[in-house]
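In: pasting the sequence and the predicted coordinates here, then a few questions.
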Amino acid sequence: MIKFLLKGIIRDKSRSILPIIITAIGVTLTVFLSGYMRGAMGDMIDLNARFETGHIKVMTQPYLKNKDQLPNDLALLEVSELIADLEKDFPEISWEKRIRFGGLVDAPDENGLTQGQGPAAGLAIDLFSKHSNEIGRMNLAPAIVNGTIPIRPGEALISEDFSQKINASVGDDVTFVGSTMNGSMAFQNFKVAGTVRFGSAAMDKGAIIIDITDAQNMLDMEDGAGEILGYFPNDVYDNNDATQIAETFNAKYIDSDDEFAPIMQSLKQQNGLASLLDYADVMSGMFVAIFVFAMSIVLWNTGLLGGLRRYQEYGIRLALGESKGHIYRMMISEAVLIGILGSILGSILGLAAAYALQVYGFDISEFAPQSNMLMPNVIRAKVTPDLFYIGFIPGVFAMVLGTALSGIGIYKRETATLFKELEV
Amino acid sequence: MNTEKIITLENVVKRFKVGDGEFTALKDINLNFDKGEFAGLVGPSGSGKTTLLNIIGSLDSPTEGTATVMGKSISELSHKESALLRNHHIGFIFQVYNLLPVYTVYENVEFALLLQNHSAEERKKAVMDALDWVGIADMANKKPAKLSGGEGQRVAIARAMVKKPQILLADEPTANLDAENAHAILQTMKSLNKELDTTFLFSTHDEKVMKYMDRIIHLRDGSVEKDEIINSKSSSK
């Protein structure tokens, strides 16, 4: 019977083409939009993890409460000892010290007079230690526009846009003006080793990157760090593991009297990423729900039209002794076959579109030039294994639901009028 | 002579609702049909021919009285049991051939057997036999659109006969055929009637068709006006 149905579907184009096209369009959109959401959210999480939140982060409790103000007066001290403990307790995690700081960067001309200056968002990372993977993690090498990565203390990277703004070039000296951990003025000259562009408006507006030791000296933070960031092996975030590690760590300090006791947070707990990730999940679910709802209505309507067109065929089949239930089940079987064909086609098209967006990306920098949110300038989709089936099941379901609704009419058909109906 | 009764109608009345009132299509019908009869229901439009075929074909049930087909009381059958009765024991031939246009002649005839879950081999043999009976075995792979009226009706007969039903109901089967094709079709049916001992029951008001009948039941205003035995094979009133 399945062979018989397949022949009908293949030969009767009007029975199959429209539903297949509708299903394929819905599945294509679902797969593509899901891939887009995964890509956009994945890139955003990745960018946040690399630049700001880590997969897990350790701070002092008061630093956490005021972290938007970059309160280095509340920073962690004796971090070498703390990192040693962390490495002992969580050996699979890679731990990195970081200091985030703010201030003014001044670029003097050859006479020492200011030729340009602007507010800078500073980031100190471990640039020189052999065990550090910070340069790779922050993609510094590919981000270099001019010059090189700093190779000795006293050198800095500044963002390309910022360098143009303050008229500073590679090899020029710039002066950082800020405040130390203790609140006194901090002045430090740096040589611009290179300029970078990260592809994030928030970072590219006014970033200066220096080595952590230079920052500790400049800000009077001996063996101190604003934050200690932890990264999972291969830099792949696992929320369950991150949550568990944070809970284990925090449990050690739950009864501590030290008001500067460290506290650990997972990536999802920071920067509102939890709500962002939940939002992404809701949006993905909504895509699928809207798709199923809209497609079901369209396919219901298509099924009603098909039912009218095949009114005579169903009449003949009833007269030949096929029960209404059997006809209904055959309609559902046809819907499953058509749904599978449409879903395969839609999945292929959706995956192709998502792959194209993954490879070529979509530049949104023009739409958010002054964004302070840490998000990539180029939106890319991400083709993940679940995209191969995420549209498939709703595609078949929508087709079956539409047919199931339209097919109910078969039960209302009066066999007593078949002779009259089939005379025409 | 075979006198096995396969259709029995006792005091059958059929009423239809028409607006607020009722229309009586069949009035106190009492008829029996034996296995192998070749009988015709004749009468003007509205005389109750099609209503009677509907009831015998288990497409409808009587309002009053008892219609027993193949030993089963039509009124007591569920929809599924009615379908099963039609599927296994009753064939239908319509005025219009009503073939499924996307399927070939072979597949149209095969469809009735698909419902009975026969093996592919059994189906093939039965379909080719049925096409042979009606003389169109060479057209097995043609689509209905490529057939003439006579050929289309032969396919319809093959489709009705392929499952070897005990009863074949035909509603004006030659109405759309010219005289030559009508004659050929009726000859085919007559020979199948003899060969397979199938009971043929026609609804017609075509004089040419009536000439082939062994028994003619004249209906008027829902009642049997005359039950005429032409050939001794048809018998029971």
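Out: That came through fine.
In: for the residue nearest the centre of chain B, helix, strand, or coil?
Out: Nearest to the geometric centre of chain B sits B:L169, at 0.8 Å (CA atoms, centre = their mean). What DSSP: H, G, I helix; E, B strand; the rest coil gives for B:L169 is strand.
In: the closest residue in space to A:G8 that isn't next to it in sequence: what's it in contact with?
Out: Nearest residue to A:G8, sequence neighbours excluded (CB to CB, 6 or more residues apart in numbering or on different chains): B:V102, at 5.4 Å. Backbone N, C-alpha and C define where each C-beta goes, glycine included. B:V102 makes contact with A:K7, A:G8, A:R11, A:D12, A:R15, B:K143 under the criterion CB atoms under 8 Å, 6 or more residues apart in numbering or on different chains.
In: give me phi/psi at the nearest residue to the third one once chain neighbours are set aside?
Out: When the adjacent residues along the chain are set aside, A:R11 lies closest to B:V102, with 4.4 Å between them (CB to CB, 6+ apart). Comment: the main-chain dihedrals of B:V102 come out as phi -80, psi -10, following degrees, to the nearest 10.
In: how about A:A120?
Out: Torsion angles, degrees, to the nearest 10, at A:A120: phi -120, psi 140.
In: dig out what it forms beta bridges with.
Out: Bridge pairing for A:A120 (DSSP bridges) gives the partners A:G103.
In: interface residues of chain B facing chain A?
Out: B:50, B:53-54, B:57, B:59-60, B:79-80, B:82-88, B:90, B:92, B:94-96, B:98, B:100, B:102-103, B:107, B:110-112, B:114-115, B:159, B:171-172 (CB under 8 Å from any CB of the partner chain).
In: among these, which are in helices?
Out: B:50, B:53-54, B:79-80, B:82-88, B:107, B:110-112, B:114, B:159 (DSSP state H).
In: for ChimeraX, write the selection for the buried entries among these.
Out: Selection command for ChimeraX covering only the buried members of these, criterion 16 or more other CB atoms under 10 Å in any protein chain shown:
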select /B:50,53,54,82,83,84,85,86,87,88,107,110,111,112,114,159
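In: for chain B, which segments are assigned as helices?
Out: B:49-56, B:79-89, B:105-114, B:120-133, B:149-161, B:179-196, B:207-210.
In: buried residues of the helix or strand of chain B with the lowest mean pLDDT, list them for me.
Out: The helix or strand of chain B with the poorest confidence is helix B:207-210; it has a mean of 81 (mean pLDDT, DSSP states H and E). Across helix B:207-210, burial judged by 16+ other CB under 10 Å covers B:V209, B:M210.
In: same check, this time on stretch B:115-124
Out: B:L115, B:H118, B:R123.
In: what of stretch A:170-182?
Out: A:V170, A:D172, A:V174, A:T175, A:F176, A:G178, A:S179, A:T180, A:M181.
In: of all those, which comes closest to chain B?
Out: Proximity of the buried residues of stretch A:170-182 to chain B (CB to the nearest CB) peaks at A:V170, which lies at 73.7 Å.
In: would you double-check that that closest one falls in a strand?
Out: No - according to three-state DSSP, A:V170 belongs to no strand; its state is coil.
In: any idea how far the residue nearest to A:L229 when sequence neighbours are not counted is from B:E207?
Out: Sequence neighbours aside, A:G54 is the residue nearest to A:L229 in space, at 2.9 Å (criterion: CB to CB, 6+ apart). The gap separating A:G54 from B:E207 is 98 Å, by CB to CB, to the nearest Å.
In: then A:S14?
Out: Per CB to CB, A:S14 is found 42 Å from B:E207.
In: next one: A:A186
Out: From A:A186 to B:E207 the distance is 118 Å (CB to CB).
In: B:D60 now?
Out: Distance, B:D60 to B:E207, using CB to CB: 28 Å.
In: please identify the helix or strand for the residue of the stretch 101-250 of chain A found nearest chain B.
Out: Among the residues of the stretch 101-250 of chain A, A:N240 lies closest to chain B, at 51.6 Å counting by CB to the nearest CB. Using DSSP states H and E, A:N240 sits in helix A:239-252.
In: what sits up against that helix?
Out: The contact list for helix A:239-252, computed with CB under 8 Å, 6+ apart, reads A:55-56, A:58, A:86, A:89-90, A:93, A:230, A:232, A:262-269.
In: by proximity to chain A, which residue of chain B wins?
Out: Closest residue of chain B to chain A, CB to the nearest CB: B:N87 (2.7 Å).
In: can you pull the contacts of that residue?
Out: A:L320, A:G321, A:E322, B:A112, B:L115, B:Q116, B:K163.
In: give the phi and psi angles for the closest residue to the third one other than its chain neighbours, as a check.
Out: Here the nearest residue to A:E322 in space, its sequence neighbours aside, is B:L115; by CB to CB, 6+ apart that works out to 5.5 Å. Dihedral angles of B:L115 (phi, psi; degrees, to the nearest 10) stand at phi -70, psi -20.
In: my read is that B:L115 contacts A:A319, right?
Out: No - counting by CB atoms under 8 Å, A:A319 is not a contact partner of B:L115; they are 11.7 Å apart.
In: so where's chain B shaky on pLDDT?
Out: Scanning chain B with the threshold set as pLDDT under 70 gives B:1-3, B:232-237.
In: and for A:P233, the neighbour number?
Out: 9 (other CB atoms under 10 Å in any protein chain shown).
In: give me the nearest residue to it, chain neighbours excluded.
Out: With sequence-adjacent residues excluded and distances taken as CB to CB, 6+ apart, A:P233 is closest to A:E92, at 5.9 Å.
In: all strands of the stretch 201-350 of chain A, in order?
Out: All strands of the stretch 201-350 of chain A, identified by DSSP state E, counting those that start in this stretch, fall at A:207-211, A:227-231, A:262-266.
In: what pairs with the first one, and is each one parallel or antiparallel?
Out: Which is strand A:207-211. Strand pairing (DSSP bridges) places strand A:207-211 next to strand A:114-125 (parallel), strand A:155-159 (antiparallel).
In: tell me which of these sits most buried.
Out: strand A:155-159 (a mean of 26; mean count of other CB atoms under 10 Å in any protein chain shown).
In: so A:I327 touches A:L318, yeah?
Out: Yes - A:I327 is within contact range of A:L318, at 7.1 Å (criterion: CB under 8 Å).
In: show me which of the two is the more surrounded one.
Out: Shown here are A:I327 and A:L318; by other CB under 10 Å, A:L318 has more neighbours (25 against 20).
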